[in-house]
Structure formats: C-alpha cells, structure tokens
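*Asks:* need a structure here:
(chains A, B, C and D, ligands or ions: 4)
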Amino acid sequence: MTAPTLTARPTRSKLFDGLTRYVPIGATIGLLAALYLGGVANYPNFDNPQVVAKLFIDNAPLLVVAVGMTFVILSGGIDLSVGSVMAFATMACAWLTVDAGVAAPLATVLVLAFGTAWGLLVGAVIHYFHVQPFIATLVGLFLFRGLTLQISATDVSMREIGFFQWGMTHVDFGEVRDGGFWLPYLSFVAFAVVAVAFVVLHYTRFGRGVYAVGGSETSALLMGLPVARTKIGVYAISGCCAALAGVLAAFATKSANPLANVGTELDAIAAVVIGGTLLTGGAGFVLGTVAGVMVWGMLNTLIAFQGNLSSWWARIVMGALLLAFILLQRVLARSGEKRRT
Amino acid sequence: MNAYAKRLLWPVLILLALIAVNIVATGVDFIVPSVNDDGRLGGAFVNILRRSAPLLLIALGMTLVIATKGIDLSVGAVYAIGAAIACQTIIDAPDQTAGGLVLAAVALALAATAAIGAWNGVMVAHFGIQPIVATLVLMIAGRGIAQLVTGGQIPKVQDASPFTELGRGAFLTVPIPIWIAALVLTALALLTRRTALGMLLESVGGNPEASRLAGIRSRGITVLVYLVCGLCAGLAGLIGAANLGSADANNGGLWIELDAILAVVIGGTALLGGRFFLLGTAIGVVIIGTLEDTIINVGLSSQWQFTAKAVVVFAVALLQSPEFRGWVLRPLRRRPEAPAPAQAEEAAS
Amino acid sequence: MPDAAPVRMTGIVKDFTGVRALDGVDLALRPGEIHAVMGENGAGKSTLIKVLTGVHGHDAGEILLDGEPVRFSGPKAAQAAGISTVYQEVNLTENLSVAENLLAGREPRLGPFINFRAMRRRATELLDGIGVDLNVAAPLGAYSIAVQQLVAIARAVDIEAKVLILDEPTSSLDRDEVEVLLGVMRRLAADGTALVFISHFLDQVYAVADRMTVLRNGALVGEWATADLPQNALIGHMLGREAAALEQIERTAAAHHVADGEPLVEAVGLGRKGSIAPYDLTVRRGEVVGLAGLLGSGRTETARLIAGADRADSGSLRFAGRRVGGHNPRTAAARGIAFCPENRKTEGLVGDLTVAENMILAMQASRGWARSVPPARRDKLVAAFIDKLGIRPADPDMPVRNLSGGNQQKVLLARWMLVEPKLLILDEPTRGIDVGAKADIQRLVAELSADGMAVLFVSAELDEVTRLSDRIAVLRDRELIAVLEAEADLTSEHIVDTIVAGGREP
Amino acid sequence: GGGDDSGDGGGDGLVVGFAQVGAESAWRTANSASVQSAAEADERIAELKFVDAQQDQEKQIEAVRNFITQQVDVIVLAPVVETGWTDVLQEAADAGIPVVLADRGIEAADEDLYVTRLGSDFTEEGRKAGTWAAETFAADTDGTRILELQGTTGSAPANDRKAGFFEVLDAEGLDYEIVDSQSGNFTAEEGKAVMETFITTHGLEGVDLLYAHNDEMGLGAIQAIEEAGFTPGTDIQIIIVDGSKAGFQAGVDGKLNYIVECNPVFGEQLMDVVVQVADGETVEKFTPVEEGAFDATQFEAELPNRQF
Ligand SMILES: Nc1ncnc2c1ncn2[C@@H]1O[C@H](COP(=O)(O)OP(=O)(O)OP(=O)(O)O)[C@@H](O)[C@H]1O
Ligand SMILES: Nc1ncnc2c1ncn2[C@@H]1O[C@H](COP(=O)(O)OP(=O)(O)OP(=O)(O)O)[C@@H](O)[C@H]1O
Ligand SMILES: [Mg+2]
Ligand SMILES: [Mg+2]
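*Replies:* Residues are numbered from 1 along each chain as shown, chains lettered A, B, ... in the order given. Ligands and ions are numbered 1, 2, ... in the order given. Just a heads-up that it's a prediction; the model follows:
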C-alpha cells in the first residue's frame, strides 16, 4: 500500500514561522528610532551623537542590572533584590577600600563574588524550598537596604581610591563640539556584559535551558534538563550583574550612597519588559533589553530637553510617552499573532 | 476547607509569634484594647488594625488581580489620586464641614479611581498588554496626576470636616477604618465565594485559554477585577487622607504596592494566578502591620527596620514551605529514607 | 544468580495525600523485550513510570538497575543512567523550536557553543527517521498535539538508552504514524533495548508487546507473556469484569441513521487563511458527523472554526437556520455549541481547580458570574457524571491536575455533556481513555445523538469514526475533499483510499 | 566659554538648567515653584530647563549631562547627596558651563568645580533647635526625656539635623535621655504612625520634648498626640524644622513650641546669583538663604509672611 505520509504544510512559509518571534523586538527598535527622530526634529542639539552616547553612560549600571534581570525573567522568575544589592555593592566597595583598606581590585572581586553568592543562595531557596521568587528576592530588597544603611547612614566618598578613576576615563570619538562623542570605559564594560549575555543565552546549553525552564518548568524537568542548575544559575547571574552594576556605579560617582538605587528593580523590570520579554518567561531577547533601557533613557532625555515641565507634568508626560510606546509596540506586534477569536 | 486551613496555619502562627514578642516587650497591654476618653477603642493592637486598614483594602484588590495572573503596580499612585481628589474638592469648597460636600468628594474620588482601575483592566484585557507594564504607566503618571490635582501642595482639610471621621472616627466604639476594611473583606469574600466570580477568576488566572474556550467572559472579568482593585486603592487613599486630614500626592501610599503584594503572597496566594485566599491576605497585612510596631517595641533603631523586616519575611516564606520543613525535620526523623524530591510531586500526570 | 533485567522494581508503594496510587507493584524489564503495562485509567501506570524515573519518590519497595539498588533524583539522573522516557502528556516546551526540543541537553556543539546548523540537520534527520517532515526551526507550539507527540518520541528514541519508556505515545497518532512507531520499537528491541509500552489500544499492544504487566487500582494483577494472554482475558484482568459484557456495549454503540433531520450547522465556504481551505459542511440534528484525515490534515481547524475558537476569514456559517455573526466561544456556547478541545492540558482543564469546578465551568460561564449554580444541583450533576463516566477517584474536590490522564479527559467531556448543547464538537475525546471507558463514551455519544443532539466527532482512530458516524467528512492537506455517507459497508480502508485518491471516488 | 546664547530660547537672555532633587515634600515643591516662577519673571533669563530627578543621584547626573549636551549657560544643581559629583562637574567645567549649587552642598574636595552655593545649612538648623532645647530645659532637674522623629534614614537633612541638635545638647551639658528615635520618612503618615506607637510603647508621661525633623512628621505626630488624649505643646513640648504655613498655624494654635525655619523660597535670590555667575562676576563661595527660628511669641506675627 502506498501509505500517504505526513506532508509539510503547504500554506505556511517557513520563513514566516522563524520570523514571527522577532516581530516584537523589531517593533521596539523601530519605535525607538521614531522617538529619536522625533527628538531631533523638535530640539536643537538633539542630533548631537553625544545624546545617544549619553544613554550608555548614565544607564550603564541599569543596563547591566537589566541584563541579569533578563535571565531571571526568561526563566520565569523575578528578582526584586537588584536595587538593594547594587546599593550594597557600591557601599561595600567604599567600606572595603576606604575603611578597611582592602586593595580596590580585590574589593571589587569580593563584591562580585558576594553578589553571585547571594544569587546562588536565593536561587537555591527558590528552587529547593519552592519559595516564590517574588518573596525570596523581596527579602533581599529589605535585607541589603538594611545592611547598606548599617554600614553607613551617610554617603561615603571613594575619590581617594585611584582604582575607581578608571571607569570614567574617556574614550573620544572625535570632538563633541564637532559632532563627535565620547564614552567612558564603564560603558564598554556594559557592552561586554551584553555581548556575553547574548552569546550565553543564544549559543550555550545553559542559555537554551533558561528558555526551556521559562517555557515550562515541568516539561524541562521531564525532558531531563538540569532545572536546578539553570534556576539557581539565573539568580546567580542576576546577583553578579547587580553587584557589577554597583561597582560600575562606584566607578561612575566614586561615592556610595545608602539610599541609592531605590526602585532600580522596577526600572530594570520595565526595561526588560518594554524590550519585548514576556514576564511569564520563555520568550524574549537580551538585545530587546538593550532597546528597553534605551527607550527608558530616551524618554528621560526627551523630558530633559523639553525642560519646561513641572515635576508632575514630567511624570504625566513620561507615563503618556510610555503608554504610547507600548500601545504602538502592541499594535505592530499583533500582526504576527494567530489563532484567536 | 481543610486545605484552606492548612494554608493559613503558618501565617497565623507567625502572627501569634509576633504578638507574643510584643507582649513580652511591652506587656499584655499590647493586645488588650483600651477605651479612649472619646469612647473609641484604642490600644496598640487596635491601632495596628486601624492603621493597616488602607493596606488591607489595597491587598484585597491586589489578591483578586493576582488571582487572574495579573499584578497592579499602580495602587500606590491611585491611593494618592483618591486622597488628592477628595481633599482638594473639600478645601476648594467654601464650607468644609458640609456633609453633602464630603459625600460628593468621596463619590468623586471613588469614581475617578474606579475609572483608573478599569483603564488598567482594559489595557490588560483588551489590548493584551502585560499587566506589569500596563499598570507601570499609571504608577509613573499617577503621582503626577495627583500632584496636578493638588497643584503640588499638600491640601489640608479642617479638623472639623466630617471627612476626617473616615479615618479618625468610630462607630460603636470601633474605629471606622476597621469597619470599612472588615466590610470590604466580607463583601469581597461573599462576592467571590457566594457567586461564581471566585471560581471564574481562578479559572481565568489558572488557564486563560481553557477559560476562553469554556466560554467565560474573561475580558469582562479582568476589567472588573482591576476596577475593584482601583476602587479599593481609592478607598484606601480616602481613609489615609482622612486620618491625616491631608493628602500628600508624593508620599501617600509610597511603595504600598510592594507591601500589598507581599501580604497577598504571605497569605498563600501564588503570584502565578489561580487559587486565592482573601483571609490569608488579611492575615498577611496584619503581620506586616504588627512587624512595623514590633521593631519599635523591641527597641531597634530605624536602621534595623529593613533588616528585621527581611528576617521576618524570610522566616514566613521558609516556614510556609513544606520542603523546608521536611529538610529541617529530616535529621529528627528516624527513617533514613529521604523525602521525595518534591519539585516533581506536582508534575502533571 | 545474575539478573538479566536491566530494571527490576519490587514491592513499589506510592502514596499521594489520601490516595494509594501504587500498592506493592513489581516490574521487571528484559533487554530486547517490549513490555506492556496495562490497566484502566487511574490504575497507576504513569505513576509507576514516574517512580521509576525519579519524578516521584516512593514510600516502599526497591528499584534495581543492573542489580544495584537505585533511587533517581529525577529524569535527568534516570536519563544519565540509560533510561529514556516519553511521559504521558507531551512534555516539551512550546516556546523553543522543534529542533531545540528534540536535542535539548544534547545539542551538537562547537566548543562551548551550540552549532545550530548541525542541530537543524540532525533534527531533520531524526524526524525523517520516523517519517515526519517539519520546519525544525519553527516553534514547537505552532504544531498540533499529534506532531508534538511525534517530536517527543523522536527525542526519546534518539537518546539511545538501554531502557525506553513510552507512556501512551500513540494516543493522538493516526495509523501510519503508529505503524512507523511500532516499527521503530521492534527495531530497538531487536538491538537489545528494553522497552516499556503503555497504551489503551489493545491491537497495538498485541502487535508489539512480548510481555504484559497488568495493574488494577494500583495493585499488581500479574505478569504474562503476550502469547499466553488472550485479549478478553486481558480485559477481564484490567477491568475486573467480564470482557464479554464490554464487547456487548461496543456493538450497541454502532450506527443509527437520522439522515433527514433538519440542518443545524450549515457552513458555506468557511475557511481561514493558512489553516484550512474554505469548506462546505452541513450537520443535521441528531446526526453524528465524523471528521477523518491524517495528522495535520486540518480536522481540528475545521472544528475550531465552527466552534468559534478561531475566527474564520471567509465564508459564512448558519446555525439553527440563523446566520452566525461575531462568533467566539462565548457566543457559540450561548447558541448551544459546545467544543471539547483536543489538548486537555493547555486548552481544556484548569489544573488548580477541582474536578467539580472543572466540570461545572462551561455551565457556569453560560449563566454569568452572578448566578452561581446552586450547590445542591451542582453536587448532583457532578456526582451523576462522575458515576456515568466512571471517573476515579470519585472525589469531586480533588484538584484535577492530580487525576490520571484518562480521568482528566473524562472530566473535560463531562463539562460539555453537562450543558446539554445542540451541537457537541468533540476533538479527540477518547484520547488516552481505557477500553471500558471508551466504550462508555461511544455509547454516550450514540445516546445523545439519538436524543436529537448533533455531534461533530474528530478522532485519529478511523474505526471509531466509522463506527459512530452517520456521515464522514474526509480531509487531506487542510482541505475538505469528500463527505461520505456511512453505509453499512463503509470501512476505514475505504476512507484511507479516499484520502489517497484525493477525493475522487476510488 | 559657555556664554554663547545657543539655547532655544530665541532672544537674548540666559538658558539655565536646574537639576532639582525631586518633589518629595511640600518644601521641595515650594522650592521648585519659587525657582520656576522667579525665572519666568526675570527678563535676564530666557529659559529655565527644569528636571526633577526623583531623589535619584543617577537621574540627576543624567540631567546635568543633558544640560551639558544642550549647552545651557548656567547649571543649577540641588544635589541629592554630597559625594559623587566630580566627573560630571568636571565635564561641565570642560564644556565651560558654570555650576551653581542650590540648597544642599557637596564634598569639600570638589569645591573648585562649582562657582557658588546658595542654600541652607541643615546642621545649623539642628543646632538652632538644640540651642532652644538646651535653654528651655536647662532647669529640668530630673533629666530631659526626648523623642525624635527622624527624616528618611540616610538622607542628608536627617543626618545633619540630628547631628547638629545633639552636638549642642552635648556641648551645653544638658542632662537628657533619648526615649526613642525612629524614622518617619519625612511624611505625615509615618510621623503619625510612629508617634502612635511611641505613645502606646512609652506613654507620654514624663516625656518632655518631641523633635521632628520636618513639618509634616511633626503635624502627623501632633494629631497622634491629640487623639491619644494629650495636649501637644503642653503635655509635651515640640520642635519642628521647616516652617510651612501649616506648621505656623499649628504654632499659633499653641500645639507646638519652636520652629526652625528652612526657607525654600529663594528663587529670586538664586536668579541674581545665576546672572552674576554668567556675567563672570566674583561671588562668595557660599550665600546663606535667610532663615530664622521662631518661638511661641513670634508665631502669630510671622504667619502672614509664610509663602508655602
Ligand atoms: N500528584 C498526584 N497527587 C495525588 N494523586 C495523584 C497524583 N498523581 C496521580 N495521582 C493518582 O494516582 C492514581 C494513578 O494515576 P496514574 O496517572 O498513574 O494512572 P494511569 O494508570 O496512568 O491512568 P491513565 O491511563 O488515565 O493515564 C490516580 O488515582 C491519580 O488520581
Ligand atoms: N505535517 C505537518 N507539517 C507542518 N505542520 C503541521 C503538520 N501537521 C500538523 N501541523 C500543524 O498542526 C496544527 C494543527 O493541525 P490540525 O490540528 O488542524 O490537524 P488535525 O487534522 O486536527 O490533526 P491532529 O489533530 O491529529 O494533529 C496546524 O496548525 C499545523 O501547524
Ligand atoms: Mg497515565
Ligand atoms: Mg487535531
């Protein structure tokens, strides 16, 4: 019998299947460009390349935190501790170098190790004890804010520590006045983090495991994937990124402030989600997160260039711009959807 | 209701432990209500309950939202908006003591906050925007709106205005905020458990696609839930404003969304949607309220506030985890066999 | 004495809160042998597999792997020890591509990095091996449950383990796919792999199994060589009742004809771009219309358009004589159309809710939230259907996720039967249902249609479709190619021929 | 130099960038309003670019960088914290844009990076409160028992107002005891809540003085005291810092005893300084904002002068 075998679906192009998941990020990037052009059209000096460069100077720590957050959110979790861990990391740098006299590079390494260790701990608690990520990391939010305040209730200067001068060393790409721009070393650190995260997420087993766990933890478990390692790993990465962001903040300001980064976790989550990553896990891109951070920074820049808004109008406009952005993003992304009434 | 009782066991034990700590630190007066000169119930614990009323209202709304797999970050801002609208309306009027005026102000504030809640719901249900971003918009813009209402000032209502009764008054000696919170708790409990709303909510949160195919009006329900959440936040704002006689657009209800979500989760509702426990949320709220007092009562400095909160939240979270209890108890058990690797226990068959 | 069994389980006991799922079960696997585990829904088959692979811990008993006692910490450890498993529900991640699902954890790499080209190539080869042609770069979620099942099988087979466990791998497959799969199983057995095969299709079991272990209510009934156990004896062991009674039921479920009832559903040129070509289909009151076709031929899509689950982008639909506009599941339900979807896990049940709540869901939805079904009425209805469909455990307050696969399916069926619709659309309603219950369901469908309900029936099992239907719509390549009247002599072969011939009379 | 009129204000006049802390209190909003309206009214100022940093140093640094890119003429900065400004101020200096500090100061090592500072001295405010307390309770033989409502833990005003206050008490040798000291986060809500707990925990019997780091917390605490059946200002003496209308009103009503002023309304003074700086005139490194301290005898007279 010439048994009819399964035939490939004729009606659906293979290209389309592969591309639909890039629609959200494409929409994000397109809208980002539109925002930028809108700024150029309306404000003098907005076309200065430094406007774009600046996004990566001031937002370098946020970018690093958001990259770590991307891992966690992709795995279906959430990390609320990053803001506090970041502040704690900066404060710990200050305390170790200024008060305890530890060599700055060593202090940096210690802080990063500590952030990672915290991530491992919280990840283990989440995985083995089934504590909801929200609560487990909220503990971190309170704990590290408390510890930071206990180290010092006032801001501490690290200006005497030569090591921390390194981060803001300029790399000039032409003269700013002649349409050039500059970036400090710490921006390059952030870029490196993005690049590494991109490669890890897309080209390693661990990275694909993150997506699998985010898609369905039960399935990942039954497929025999290393769920424990993956889940704990993403929190370790996030913890490490938060600590690194804290170090970058130390580079950026050479000072530690116990009340720094209150609410950074929300900024990071917002950036990740605006970048097209689903909060339920399993879908998104680290480059989307970069776009999300840029959108965040771009909105702030637009408001600064506008300059005549009162505190409350600034907030309302920020909210309205964000709203317009996500609505447009949604409309554009919807075209890629199927199977709904 | 056995499973229900089990969920509540640990939160209740933690609460009792906190109360015990306070009693040790400050004596039994802590728990025993006293009657003030003005015939109002007072005493430390009653005060905690009274102060927790706004948080409870918000947490109740949040519970419903979370049951649909959503989240509402805007409640703090909505709190501020509710407070701002009510206070501004009252101080703009010539006679702040007029009862009708107060009623109108309250109605206006509630209508506005309900509309804001519905807006969030529409964004989530009809535009398909992730709840956290949809409500982030108003979290950012909301305080701006509240400040716009008050012109950046802190409107202060005269003490003589009946509006302040909402926060400071008492009915049958019980403070009005406690009445309101208890009424809303009862009403929501009845609404969700006596009608089918609760089950439909849990269904929408548990499996949206299955619910859609079962013919559930999931969009309508989602909008309704966000609306209720907005309304609760507005009501909370009114109580907060009435208690102070003023509305601080910037700081009123600041970060209350975190505490509210915390209370919901302590109360046994999972952030992943599905089953929800209003009573558990209420206990979570009282735990948080009691905790704040405990820090002062045992004489810790402000610096310790965060750390202490972290420790207690961690303890609650761990004690609620059967796996943790099993792990801690394991050395005490005689049988050498390890308990089952628990994460798989729930794996779908 | 050296133990030939790579895996030997003895005296396994497993308690879930309140339920003893396994009670002293033994299982011994031998290399080169296909071992079927048989039993009714809820007998404990899947639980036994999960205990073996460490998904669940066990409360008593011993597992020996090559003579050594083991206790796996989870599927990963079991896999590492050479036990590869396809669990009952498709357990893959829909967000990843087909290729990634196939090779997750074993991706071909260049240094530390995944080599995507090699991975896609390897995946395509693998699928070729079982006769499937897919776009391996597309997300798995784009494919139907049956395709996903094939992918899961291909994944497990590729692990090249010494033990391969297949828990109801064929529940959604059509006969060609099944043939391919059985061929693969025989080949692996010939290569010395020990296989476990769980299925409710007795002919499939008899076609490949060398040995059978029968469970009933979590207890071991016994182990037989297939040759020593005739089919009705097996059924007797499984159900604990006489097999003859069962056959009786199956026969009574057979055809009846109400060809001249008035038309209830009239679809004209109904279609949706990219999923199903425009089709005409009429369903009359009291009629059972079957949808037959191969995997991915568009049966589900056809049904979903009528059910309002998807929006049609061409054609028109009339229901009970009236034009249907603004079609969606809610309005459909209000008109009296019930749709029981094929994927119970993602589209059907709400795992957190109880059996009773899941059953009442559709009825409640149609009443709106304000008017809850009175508790007394609800309890009565639920109890009646638990009884009628033989749902076990018969506990209405059990979270539905804790039920066995077949019992979950029955709950889903009950949900829609409860609302007494005018049109009942059943997409693979008998997936994973044991022989006894399957006969019950078929009888129920026949009864319902005799009472005037119209039924649109989709099943991968052609025999079942032919037996139940009054008319059969045949699909191929997402196109409706023919509607056959179910004459007494219509056989499944006839349908296959129709498909091959592409709709022309063979 | 940054003196060229490159702003988008069009005509001549200065383009000024103002990086404000936030809008966290009535004091702050009054301050913003004062600066904005002063700039509006001032013909010498073409445009004021106002950015609210929401109490976040990073946002504020970002704002300053934005001003630099926009090439404003003068940058006014109300720093959230004292440290961490070196780089961004250096960038401003490199771009030739002079910086004026408003309100709070920055660490001494960065003194070269700004032209002048106009603002209040929180430690001094604490000292004023301390001086009054030391005088008032000098005769208190059984020791002075003090409750303190601190501002946001870790914030500069909270730290400095606390430090200045106790510095004087110690220096004057007052025999005092801190009954309790907790943060009320500068808000009425928390001020009231903390005070309620103080009352239930410690009672008010024998407590002499409440020192609240700002108006809002003080007013919240006054309510709590009244609701507990005590008379604020009599049963317990109260000092607040800031001096808003509402604060003075409470003073007039006899509910508190001493107000240390912290004046937010220095917009006009600031604009004068900005213009001087832009013109390259030499100005003092520190210009104090005119501030007073008021006791019960002065409340009535001062109330009408309050602008916020
Ligand atoms: N996680 C769980 N919690 C409680 N009970 C469970 C759980 N998993 C399974 N059970 C119960 O264990 C029993 C055996 O279920 P199992 O899934 O092994 O049946 P099965 O033989 O595979 O049935 P089917 O043919 O329907 O797949 C059932 O009664 C089921 O309700
Ligand atoms: N051979 C195939 N190639 C590509 N896609 C397929 C194939 N078979 C099925 N699909 C996918 O499966 C989805 C569901 O098909 P559909 O459910 O309509 O088929 P069906 O006839 O119901 O078969 P079954 O449900 O048995 O898989 C389609 O959207 C299609 O994307
Ligand atoms: Mg099973
Ligand atoms: Mg199908």
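
*Asks:* Which stretches in the chain count as helices?
*Replies:* Picking chain A for this. According to DSSP state H, chain A carries its helices in the segments A:14-19, A:23-42, A:49-58, A:60-74, A:82-94, A:104-129, A:133-151, A:185-203, A:205-215, A:217-222, A:227-253, A:264-274, A:286-306, A:311-334.

*Asks:* that's the wrong chain, I meant chain D
*Replies:* Going by DSSP H, chain D shows helices at D:26-41, D:57-70, D:86-94, D:122-136, D:156-172, D:188-202, D:215-227, D:245-252, D:267-278, D:299-302.

*Asks:* what's the closest of those to ligand 4?
*Replies:* helix D:57-70 (53.7 Å; CB to the ion). For glycine as for every other residue, the C-beta is placed from the backbone atoms N, C-alpha and C.

*Asks:* could you measure D:A138 against chain A, distance?
*Replies:* Distance of D:A138 to chain A, given as CB to the nearest CB, to the nearest Å: 30 Å.

*Asks:* is chain B contacted by stretch C:76-95?
*Replies:* Yes: applying CB under 8 Å from any CB of the partner chain, one finds stretch C:76-95 touching chain B at C:Q88, C:E89, C:N91.

*Asks:* and residue 234, what is it in contact with?
*Replies:* No chain was given, so I picked chain A. A:F71, A:V72, A:L74, A:S75, A:G77, A:G123, A:V210 (CB atoms under 8 Å, 6 or more residues apart in numbering or on different chains).

*Asks:* hm, I was asking about chain D
*Replies:* Taking CB under 8 Å, 6+ apart, we find D:T234 in contact with D:G254.

*Asks:* measure it to D:N257 for me?
*Replies:* Applying CB to CB, to the nearest Å, the value for D:T234 to D:N257 is 9 Å.

*Asks:* What number of residues are in the vicinity of residue 82?
*Replies:* Chain wasn't specified; assuming chain A. Counted with other CB atoms under 10 Å in any protein chain shown, the neighbours of A:V82 add up to 35.

*Asks:* let's do chain B instead
*Replies:* If we define neighbours as other CB under 10 Å, then B:G82 has 35 of them.

*Asks:* can I assume it is in contact with B:A233?
*Replies:* Yes: the criterion here is CB atoms under 8 Å, and B:G82 meets it with B:A233 at 6.7 Å.

*Asks:* Quickly list what's touching both of those two.
*Replies:* What both B:G82 and B:A233 touch, as defined by CB under 8 Å, 6+ apart, is the set B:T113.

*Asks:* you'd agree A:I135 is up against B:L318?
*Replies:* No: counting by CB under 8 Å, A:I135 does not reach B:L318; the two are 9.7 Å apart.

*Asks:* which phi and psi does the residue of the stretch 101-250 of chain B found nearest chain A have?
*Replies:* Residue nearest to chain A within the stretch 101-250 of chain B (CB to the nearest CB): B:A141, separated by 2.5 Å. With angles defined as degrees, to the nearest 10, B:A141 shows backbone torsions of phi -80, psi -30.

*Asks:* before we move on, the earlier item: now the helices of chain A in a markdown table, with mean pLDDT and distance to ligand 3?
*Replies:* Shown next, in a markdown table, are the helices of chain A (pLDDT from 0 to 100; distance: least, CB to the ion, whole Å):
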| stretch | mean pLDDT | distance to ligand 3 |
| --- | --- | --- |
| helix A:14-19 | 52 | 32 |
| helix A:23-42 | 88 | 37 |
| helix A:49-58 | 92 | 54 |
| helix A:60-74 | 97 | 31 |
| helix A:82-94 | 97 | 42 |
| helix A:104-129 | 96 | 27 |
| helix A:133-151 | 93 | 31 |
| helix A:185-203 | 96 | 35 |
| helix A:205-215 | 95 | 23 |
| helix A:217-222 | 94 | 13 |
| helix A:227-253 | 96 | 22 |
| helix A:264-274 | 92 | 38 |
| helix A:286-306 | 92 | 39 |
| helix A:311-334 | 86 | 38 |
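
*Asks:* residue contacts, the closest residue to C:F339 other than its chain neighbours?
*Replies:* Closest residue to C:F339 apart from its sequence neighbours, by CB to CB, 6 or more residues apart in numbering or on different chains: C:A307 at 3.5 Å. C:A307 makes contacts with B:L213, C:P329, C:A332, C:I337, C:F339, C:I425, as judged by CB under 8 Å, 6+ apart.

*Asks:* What residues does the stretch 301-450 of chain C have near chain A?
*Replies:* C:G308, C:A309, C:D310, C:R311, C:H327, C:N328, C:P329.

*Asks:* C:A334 is in contact with the first one, correct?
*Replies:* By that I understand C:G308. No: C:G308 is beyond contact range of C:A334, at 10.1 Å (criterion: CB under 8 Å).

*Asks:* In terms of neighbours, single out the busier of these two.
*Replies:* C:G308 (26 against 12).

*Asks:* which two in the contacts of A:V234 are spaced the farthest apart?
*Replies:* A:L74 and A:G123 (14.1 Å; CB to CB).

*Asks:* If we ignore the residues flanking it in sequence, what's nearest D:S25?
*Replies:* Once flanking residues are discounted, D:S25 sits nearest to D:F186: 5.8 Å by CB to CB, 6+ apart.

*Asks:* ok, back up a step: intersect the residues of the stretch 301-450 of chain C next to chain A with the contacts of ligand 2.
*Replies:* Among those, no residue sits close to ligand 2 (CB under 6 Å from any ligand atom).

*Asks:* Columns secondary structure on top of those, output as a markdown table?
*Replies:* Output for these, formatted as a markdown table (DSSP: H, G, I helix; E, B strand; the rest coil):
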| residue | secondary structure |
| --- | --- |
| C:G308 | coil |
| C:A309 | coil |
| C:D310 | coil |
| C:R311 | coil |
| C:H327 | coil |
| C:N328 | coil |
| C:P329 | helix |
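
*Asks:* What's the ChimeraX syntax to select whichever of these are buried?
*Replies:* Buried members of these, defined by 16 or more other CB atoms under 10 Å in any protein chain shown, are picked up in ChimeraX with:
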select /C:308,309,310,327,328,329
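
*Asks:* so can I have a markdown table of the residues of the stretch 301-450 of chain C next to chain A showing distance to B:E209?
*Replies:* Listed next are these as a markdown table, based on distance: CB to CB, whole Å:
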| residue | distance to B:E209 |
| --- | --- |
| C:G308 | 14 |
| C:A309 | 9 |
| C:D310 | 12 |
| C:R311 | 15 |
| C:H327 | 17 |
| C:N328 | 13 |
| C:P329 | 10 |
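
*Asks:* pLDDT for the residues of the stretch 301-450 of chain C next to chain A - can I get that in TSV?
*Replies:* Putting those into TSV (pLDDT from 0 to 100) gives the following:
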residue	pLDDT
C:G308	93
C:A309	92
C:D310	90
C:R311	90
C:H327	90
C:N328	91
C:P329	92
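
*Asks:* Of the residues of the stretch 301-450 of chain C next to chain A, which pair is most distant in space?
*Replies:* Of all pairs in these, the most separated under CB to CB is C:R311 and C:P329 at 11.1 Å.
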